[in-house]
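Engineer: What follows is a predicted structure for the sequence shown.
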Amino acid sequence: MKALDVVGAAKEYGSLRALGGVDLAVEEGEFFALLGPNGAGKTTLISALAGLLRLSAGRIKVMGHDVVDDYRNARRMVGVVPQELVFDPFFTVREVLRIQSGYFGLRNNDDWIDELLANLDLSAKANANMRQLSGGMKRRVLVAQSLVHKPPLIVLDEPTAGVDVELRQGLWTFIRSLNQRGHTILLTTHYLEEAQMLCNRIAMLKAGRVVALDRTENLLRAAEGRTLRLKIEGALPPGIPAPEHEGDWLVWASDSYEVLSDRLAAVRGAGVKVLEFEVGQPDLERVFVEVMRRAA
Amino acid sequence: MKAEGSGFRTLLYKEVLRFWKVAFQTVGAPVLSAVLYLVIFGHVLAPHVRVYGEIEYIAFIVPGLVMMSVLQNAFANSSSSLIQSKVTGNIVFVLLPPISHREFYCAYVVAAATRGVLVGFGVWAVSLLFVQLPLANPLWILVFTLLGGALLGTLGMIAGIWADKFDQLATFQNFLIMPLTMLAGVFYSVHALPPFWRSISRLNPFFFMIDGFRYGFLGVSDMSPWLSFSIVVVFLAVTAGLTLQLLARGWKLRG
């Protein structure tokens, strides 16, 4: 079953087009990234699937349930971590999570709430008022709120903004374990290394349209920008294609590993002593920049 | 686990807990304000005013003050909760779960009426220090308390949904709710007004709520309690219908 099925999703605000007919499907169990520059339509799409806004055209289904016609079942299937750092200042962390559980019909949910608090390193703050928490802690409470009903689809809209490195690692360990237990994860983030590390498939949005959609490794493989960097003893003998120089480094760039491999073989074949070498891979940031440039 | 109605119960619990956590401000302060009205107006005017023949002025204004407190606090509860949630953004916590627009409406209105009733009860309890009111028709007291709380809770929802900023809500409160309340016969009988203003008063739904509520205590009123009841029910039905429509369409809540 498709965890998320988006067909022709369009949203207009007067003359401004936030989504221009997005088609997207996320299979159950995927760890899926939705990337794009600010204003690309990521949060609009997430808001539409969460029922926070109505599309101008198109439809969205979550675990087979239409988010408009069958909104009750659709909303039970999805947990959303909003991008904005919002909180209710009247309540403690535990009260917030109990209330959120109650909205989903879960009256005795303390075991799971305790597990969430432990996994998100919030146990010590369970009875603290929300106002007393740091920004990172509030962000983690938002994550816990989205998970109280164990939704099959978890949507994380920039969940690590403002969270320090150690806690970010802990958060990803926990989210990855949820993914391994069968939860589908939809992630938006501006930390592209996180998307590259975590997600098996990536969609890139620009100006409300999908401009790239593929498995992460395919996107990386198709990208330009592989490099061979060498530090050698002495001078480079003639007959070898001239590299660029970056300080002591000699740098050959190519889209083909075969070409780079030939360069290394030629250097070694010429009896040159290689002191250090590095092979540079295109990363997702480079892929992202290329895709956005091509889509301009 | 997925029982229908759980959204209503939890949202009602949340809304009641929200005002109860700051009860000093949301219940205690309005009771004090109403008691100050009672002390000042009651004692200053009591020697000079008689209403409905032999009824003491202080006995006349206590039901009016109690009902005024019910109405104002019911309005304040739903309107302030919604505008705060909208401005701070935490409204998403009630928009994301599978809560229907009917559950949403009922939870906010019942919570608003609950606060109104608590404040009204507090004002009545303190008023016992000044005057022993009769309870001529307790059922009418209950009916008008609940209807008034529900109607103003509903108006508070409309204001809270409509307003984008706190000052817009203050405009609604200061230029609509407060004048309608103060001109509804809390401190005077409409029979004491000139004919023109008496006719104007009868266009004010708040007048019928206060008049009917007063009938429950004193057994006398400016209008028939049945007429007041009918008018208040019609107003409640119209505003409830409007609010449910706004919620179902997600007006100003879901983009």
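Structural biologist: Happy to help now that I have it. Numbering: from 1, shown residues only, chains lettered A, B, ... in the order given.
Engineer: Please identify which helix or strand holds A:R140.
Structural biologist: Under the criterion of DSSP states H and E, A:R140 resides in helix A:135-147.
Engineer: what sits up against the following helix or strand past that helix?
Structural biologist: Using DSSP H and E, the helix or strand that follows helix A:135-147 in sequence is strand A:153-157. Among residues not part of strand A:153-157, those counted as contacts by CB atoms under 8 Å, 6 or more residues apart in numbering or on different chains are A:3-4, A:26, A:42-43, A:46, A:49-50, A:62-63, A:77-83, A:143, A:146-147, A:175, A:178, A:183-189. For every residue, glycine as well, the C-beta is placed using N, CA and C.
Engineer: Determine how far the last residue of stretch B:157-166 lies from the first.
Structural biologist: End-to-end distance of stretch B:157-166 (CA to CA, to the nearest Å): 14 Å.
Engineer: How about stretch B:184-192?
Structural biologist: Across stretch B:184-192, first to last residue, CA to CA, it's 13 Å.
Engineer: How far away from the center of its chain is the helix holding A:R140?
Structural biologist: 17 Å (CA atoms, centre = their mean, to the nearest Å).
Engineer: Likewise for stretch B:53-66?
Structural biologist: Relative to its parent chain, stretch B:53-66 has a centroid offset of 19 Å by CA atoms, centre = their mean.
Engineer: For the closest residue to chain A within the stretch 151-255 of chain B, which non-adjacent residue is closest in space?
Structural biologist: Per CB to the nearest CB, B:G255 is where the stretch 151-255 of chain B lies closest to chain A, at 3.6 Å. Once flanking residues are discounted, B:G255 sits nearest to A:L53: 3.6 Å by CB to CB, 6 or more residues apart in numbering or on different chains.
Engineer: Go ahead and confirm that neighbour touches A:K11.
Structural biologist: Yes. If you go by CB atoms under 8 Å, A:L53 and A:K11 touch, sitting 6.9 Å apart.
Engineer: Residues of chain B that sit close to chain A?
Structural biologist: B:1-3, B:6-7, B:9-11, B:13-14, B:17-18, B:21-22, B:85, B:88-90, B:92-100, B:250, B:254-255 (CB under 8 Å from any CB of the partner chain).
Engineer: ok, now with 6 Å
Structural biologist: Taking CB under 6 Å from any CB of the partner chain as the contact definition, chain B meets chain A at B:1-3, B:6-7, B:10, B:14, B:18, B:21, B:89-90, B:92, B:95-98, B:254-255.
Engineer: Restricted to strands, list those residues.
Structural biologist: Among these, no residue falls in strands (DSSP state E).
Engineer: Would you mind checking the average pLDDT for the helix or strand hosting B:L147?
Structural biologist: B:L147 belongs to helix B:138-162 when assigned by DSSP H and E. Helix B:138-162 carries an average pLDDT of 97.
Engineer: Can you give me the buried ones in that helix?
Structural biologist: B:140-141, B:143-162 (16 or more other CB atoms under 10 Å in any protein chain shown).
Engineer: which other residues reach the helix or strand following that helix?
Structural biologist: Note on helix B:138-162: by DSSP H and E, the next helix or strand toward the C-terminus is helix B:166-172. With contact meaning CB atoms under 6 Å, 6 or more residues apart in numbering or on different chains, helix B:166-172 is reached by B:79, B:83, B:159, B:163.
Engineer: In chain B, what residue comes closest to chain A?
Structural biologist: B:T10 (3.0 Å).
Engineer: Nearest residue to that residue in space, ignoring adjacent ones along the chain?
Structural biologist: Once flanking residues are discounted, B:T10 sits nearest to A:G102: 3.0 Å by CB to CB, 6+ apart.
Engineer: Over to A:G20?
Structural biologist: Closest to A:G20 by CB to CB, 6+ apart is A:G208, at 4.0 Å.
Engineer: That neighbour: how many residues sit nearby?
Structural biologist: A:G208 has 23 neighbouring residues, counting by other CB atoms under 10 Å in any protein chain shown.
Engineer: Torsion angles phi and psi at it?
Structural biologist: Main-chain torsions, A:G208, degrees, to the nearest 10: phi 80, psi 10.
Engineer: OK, contacts around it?
Structural biologist: A:17-20, A:41.
Engineer: Pick the one among the residues you listed closest to B:I61.
Structural biologist: A:A18 (55.6 Å; CB to CB).
Engineer: how about that closest one, secondary structure?
Structural biologist: strand (DSSP: H, G, I helix; E, B strand; the rest coil).
Engineer: thought it was touching A:L45?
Structural biologist: No. The criterion here is CB atoms under 6 Å, and A:A18 misses it with A:L45 at 8.7 Å.
Engineer: Skipping its backbone neighbours, what lies nearest A:L186 in space?
Structural biologist: A:V155 (4.7 Å).
Engineer: ok, the one you found - how many residues close by?
Structural biologist: 27.
Engineer: Could you do A:R107 as well?
Structural biologist: There are 14 residues near A:R107, going by other CB under 10 Å.
Engineer: next one: the one 10 residues further on
Structural biologist: Using other CB under 10 Å, A:L117 has 21 other residues around it.
Engineer: That one belongs to a strand?
Structural biologist: No. Counting by three-state DSSP, A:L117 is not part of a strand but helix.
Engineer: ok, now how distant is it from A:F174?
Structural biologist: Distance of A:L117 to A:F174, given as CB to CB, to the nearest Å: 11 Å.
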